[in-house]
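Peer 1: Give me coordinates for this.
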Amino acid sequence: MIEGGLPVALASDYNPGSCPSGNMQLVLAMGSVMYKMLTEEAVNATTINTAYALGEHETVGSITKGKLANFYITKPMDTIYYMSYGFGSNKVEQYFLNGKKQ
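Peer 2: As a prediction, the model looks like this:
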């Protein structure tokens, strides 16, 4: 699909029957490991592409002036690729919703 120019969105529906996890770090890792996506493709698939799929791209999905400040700060890591392949540990240090630390 990506090679064909289609945007791919990855998310969890947090459904106890088919997907009993809301862990987006796991979803990002699965995109890389199971679907052979590049880390950059998996990050786009779990952020801006999902926002477009939900019709919310004008308010969320990227760090852009005028959008809601929903983001996280990771623990120190050597490379962005650790986001995809270092699954099994929580990499989030802090997270913010609507600009407020949670």
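Peer 1: make it CA atoms for all contacts and neighbour counts henceforth
Peer 2: Will do.
Peer 1: Do you know the pLDDT at the residue nearest the centre of the chain?
Peer 2: Nearest to the mean C-alpha position of the chain, counting by CA atoms, centre = their mean, stands residue 46 at 3.2 Å. Note on residue 46: pLDDT of 95.
Peer 1: Show the backbone phi and psi for it.
Peer 2: phi -100, psi 0 (degrees, to the nearest 10).
Peer 1: So it is in contact with residue 11, correct?
Peer 2: Yes: using CA atoms under 8 Å, residue 46 is in contact with residue 11, at 6.2 Å.
Peer 1: Residues in contact with both of those two, list them for me.
Peer 2: Residues touching both residue 46 and residue 11 by CA atoms under 8 Å, 6 or more residues apart in numbering: 24, 27.
Peer 1: for the residue lying closest to residue 48 once chain neighbours are set aside, what are its contacts?
Peer 2: Counting by CA to CA, 6 or more residues apart in numbering, residue 48 lies nearest to residue 61, which is 4.1 Å off, once chain neighbours are set aside. Contacts here follow CA under 8 Å, 6+ apart; on that basis residue 61 touches 47, 48, 49, 50, 51, 52.
Peer 1: okay, those in TSV with distance to residue 91, neighbour count and secondary structure next?
Peer 2: Shown next, in TSV, are the contacts of residue 61 (distance: CA to CA, whole Å; neighbours: other CA atoms under 10 Å; DSSP: H, G, I helix; E, B strand; the rest coil):
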residue	distance to residue 91	neighbour count	secondary structure
47	16	21	coil
48	20	21	helix
49	22	23	helix
50	21	20	helix
51	22	19	helix
52	25	16	helix
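Peer 1: which one of these is nearest residue 23?
Peer 2: Nearest to residue 23, judged by CA to CA, of the contacts of residue 61 is residue 47 at 13.5 Å.
Peer 1: Packing partners of whichever helix in the chain runs longest?
Peer 2: In the chain, ranked by residue count with DSSP state H as the criterion, the top helix is helix 24-33. Where contact means 3 or more CA pairs under 8 Å, 6 or more residues apart in numbering; DSSP states H and E, helix 24-33 is packed against helix 39-46, helix 82-85.
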